[in-house]
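Asks: here's my sequence, what's the structure:
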Amino acid sequence: MLRWIVTIVSLGTAGGILAWSVFIGVDTPAGTILTNLGTELVGIVITVAVVEWFFERRRHQTRGRQLAWDALHAVEHAVWVWQGGPREMDTDEVLGILDAVGSEDPLPDFTEGLFLNIGTRSRRLLNNDPEAVGAVKGFMDGLEHLARLSAVRDGKTPMASRKVGDILEQGTSALAKSLGKTTERHLASLIRYRDPSVESQERRHFGGRGAMTWPVSEQAGSLD
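Replies: The predicted structure follows:
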């Protein structure tokens, strides 16, 4: 706001100088000086305003990309707690796991709380930081999908696991696209350590060794 006020005042001053030069006569020595001064001031103000606009846009883009990365990492962590898989997953693995979410996959309160937090934060970003969100193409689409998770505990019955998986998949795909990452799905059958059981979710979320329910072939692979 201050930047625009300064710009308007400066342009008004330049306009006043040019009007004064016309009043006293642009062909007079004083009029010529005032005309040159007013024209020069207009050029300076416009140049500064354009440069400042580009810097401001760049700042919004930088902040927007950081917020998009934060949102994507939050989703990756929540999906890992819920479904398992490698601790460090790329978006193709996350999308592959989400595509394989079953209607019977358990969604305990602590995991549901992770998704609720993602949905609430996404809605707040849309409302409170629209400049940064809008500066990154596709980021708004991802947040709008994820914001639906803020209603995960609304209603009389819990949100179905498959619906949660669909929302996360749509949001992850949009975030990945906005950040230039792959949106292809990895085959879920090739992702090791996937285990959505409540016991494994507790172990991943709260820590501790817990019960190891991986298949024998996966246990052998984990030692590689």
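Asks: how about the most centrally placed residue in the chain, nearest residue that isn't a chain neighbour?
Replies: Using Cα atoms, centre = their mean, the residue of the chain that lies closest to the mean C-alpha position is residue 68, 2.6 Å off. In this structure, residue 68 finds its nearest non-sequential neighbour in residue 139, 4.9 Å apart by Cβ to Cβ, 6 or more residues apart in numbering. Any C-beta I mention is one placed from the backbone N, CA and C, and that applies to glycine too.
Asks: what sits against the one you found?
Replies: Residues counted as contacts of residue 139 (Cβ atoms under 8 Å, 6 or more residues apart in numbering) are 64, 67, 68, 133, 174, 175, 178.
Asks: can you pick the most crowded of the residues you listed?
Replies: Taking other Cβ atoms under 10 Å as the neighbour criterion, residue 175 ranks highest of those with 29 neighbours.
Asks: who touches that residue in this structure?
Replies: Counting by Cβ under 8 Å, 6+ apart, the residues that residue 175 touches are 68, 71, 72, 75, 91, 138, 139, 142.
Asks: what count of nearby residues applies to the fifth one?
Replies: In other words, residue 91. The number of residues packed around residue 91, counting by other Cβ under 10 Å, is 22.
Asks: residue contacts, the residue nearest to it when sequence neighbours are not counted?
Replies: Excluding the flanking residues, the one nearest residue 91 by Cβ to Cβ, 6+ apart is residue 176, at 4.2 Å. Shown in contact with residue 176 (Cβ under 8 Å, 6+ apart): 72, 91, 95, 182, 183.
Asks: export these to JSON lines and tack on pLDDT, secondary structure and distance to residue 29?
Replies: Conversion of the contacts of residue 176 to JSON lines gives the following (pLDDT from 0 to 100; DSSP: H, G, I helix; E, B strand; the rest coil; distance: Cβ to Cβ, whole Å):
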{"residue": "72", "pLDDT": "97", "secondary structure": "helix", "distance to residue 29": "65"}
{"residue": "91", "pLDDT": "94", "secondary structure": "helix", "distance to residue 29": "69"}
{"residue": "95", "pLDDT": "96", "secondary structure": "helix", "distance to residue 29": "73"}
{"residue": "182", "pLDDT": "89", "secondary structure": "coil", "distance to residue 29": "68"}
{"residue": "183", "pLDDT": "91", "secondary structure": "coil", "distance to residue 29": "68"}
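Asks: centre of the chain to stretch 28-37, how far?
Replies: 53 Å (Cα atoms, centre = their mean, to the nearest Å).
Asks: name the residues that touch it?
Replies: Where contact means Cβ under 8 Å, 6+ apart, the residues beyond stretch 28-37 that reach it are 17, 18, 20, 21, 22, 24, 25, 26.
Asks: buried by neighbour count, from those residues: which ones?
Replies: 17, 18, 21 (16 or more other Cβ atoms under 10 Å).
Asks: out of the contacts of residue 176, which comes closest to residue 189?
Replies: The shortest separation between residue 189 and any of the contacts of residue 176 is 14.0 Å, and it belongs to residue 95 (by Cβ to Cβ).
Asks: just the pLDDT for the closest residue in space to the closest one that isn't next to it in sequence.
Replies: Closest residue to residue 95 apart from its sequence neighbours, by Cβ to Cβ, 6+ apart: residue 185 at 4.5 Å. Note on residue 185: pLDDT of 90.
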